[in-house]
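> My questions concern the predicted model and sequence given below.
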Amino acid sequence: MIDEGYIKYRCQLIEGCPPDWEMIQTLDSWRNLFYDSGLIGQYPDGIGYGNVSQRDRNPNNFIISGTKTGAIPRLRAEHYTRVIDYDPDKNAVTCEGLIQASSETLTHGAIYNSNPAIKAVFHVHHRQLWESLLYEVPTTRKDIAYGTPEMARELINISRENSDKESLIVAMSGHEEGVIAFGTSLEKAGNLLIDFYRGLTIY
Ligand SMILES: [Zn+2]
């Protein structure tokens, strides 16, 4: 939940072509695996969770799954959108495509900004995974809510402190069940996340 008092998130959508399917095929295969593993989905109250992104050919941009797509088992190109401008301090995003980017987009943008080598960011929810990771891996502070400028700054710091690593997983203590993984390729970020997930003992 975003606490009151924060600048309201704004997303400007410029209607345009969705990203080429060819370009996002691998991103989408990871998203399918996360969906099938329950790492992306929808809570019983109808709120969707989880989003995936990759840096675009133009390294200033990135492509992210659109808002309210968590419940959709298989996405199409029009469910992805290209983020062409973002400002964590103003809590504002501009995207191009057919769907708005989620309010969690700024956290992805902050990570891309923190290190030009990062090519992929995955944000998922999973209670057991989250509990197993809290304070065992880099963990964002409890008083920081997801989608806020503070979370963006916190992740920039964590990312820069770990810029020697090819992939990193972060637990978000102030964002219930929230985990974020990123890396220098889709495979590196995805494999790290799935390895932790598969390492869980689920009863
Ligand atoms: Zn989340």
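Yep, it's here. Numbering: from 1, shown residues only.

> going forward, measure contacts and count neighbours with C-alpha atoms only.
Fine.

> Does the most centrally placed residue in the chain belong to a helix, a strand or coil?
Closest to where the C-alpha atoms of the chain average out (CA atoms, centre = their mean) is H123, at 3.6 Å. In three-state terms, and counting by DSSP: H, G, I helix; E, B strand; the rest coil, H123 is strand.

> How about it: what's its closest non-neighbour residue?
I180 (4.4 Å; CA to CA, 6 or more residues apart in numbering).

> Can you list the strands that the lengthiest strand in the chain pairs with?
Counting residues, the longest strand found in the chain (DSSP state E) is strand 80-87. Strand pairing for strand 80-87, using DSSP bridges, gives strand 62-65 (antiparallel), strand 92-97 (antiparallel).

> Dump those to CSV, plus distance to Q42, mean pLDDT and mean neighbour count.
Supplementary listing: the strands paired with strand 80-87 in CSV, determined by distance: least, CA to CA, whole Å; pLDDT from 0 to 100; neighbours: other CA atoms under 10 Å:
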stretch, distance to Q42, mean pLDDT, mean neighbour count
strand 62-65, 14, 98, 28
strand 92-97, 23, 96, 21
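
> Output those strands as TSV; include the columns distance to G41.
Below are those laid out as TSV (distance: least, CA to CA, whole Å):
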stretch	distance to G41
strand 62-65	13
strand 92-97	22
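
> Compare the ones you listed and report which one is nearest to L27.
L27 sits nearest to strand 62-65 of all those, at 9.3 Å, using CA to CA.

> Output that closest one in CSV with nothing but the alpha carbons.
Written as CSV, here are the backbone C-alpha positions of strand 62-65 (Å, rounded to 0.1, in the frame of the first residue of the first chain):
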residue,chain,number,x,y,z
PHE,A,62,12.6,-0.1,-20.6
ILE,A,63,9.6,-2.4,-21.4
ILE,A,64,7.4,-3.5,-18.6
SER,A,65,4.2,-5.6,-18.2
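
> Who does the residue nearest to H123 form a beta bridge with?
Where I180 sits in a bridge, its partners, by DSSP bridges, are H123, V170.

> Quick check: mean pLDDT of the longest helix seen in the chain?
Longest helix of the chain, by residue count under DSSP state H: helix 21-36. Helix 21-36 shows a mean pLDDT of 98.

> roughly how far apart are the residue nearest to the centre of the chain and I64?
11 Å (CA to CA, to the nearest Å).

> same question, Y80
6 Å.

> What of V137?
From V137 to I64 the distance is 25 Å (CA to CA).

> before we move on, back to that, so which of the strands paired with strand 80-87 gets nearest I169?
Here strand 62-65 is closest among those (CA to CA), at 18.5 Å.

> how about the host helix or strand of F182 as CSV, C-alpha atoms only?
Take DSSP states H and E as the rule and F182 turns out to sit in strand 178-183. Only the C-alpha atoms of strand 178-183 are listed here, as CSV (Å, rounded to 0.1, in the frame of the first residue of the first chain):
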residue,chain,number,x,y,z
GLY,A,178,7.4,-8.5,-2.1
VAL,A,179,10.7,-9.7,-3.6
ILE,A,180,12.7,-8.1,-6.4
ALA,A,181,15.4,-9.7,-8.5
PHE,A,182,17.5,-8.1,-11.2
GLY,A,183,20.6,-8.8,-13.2
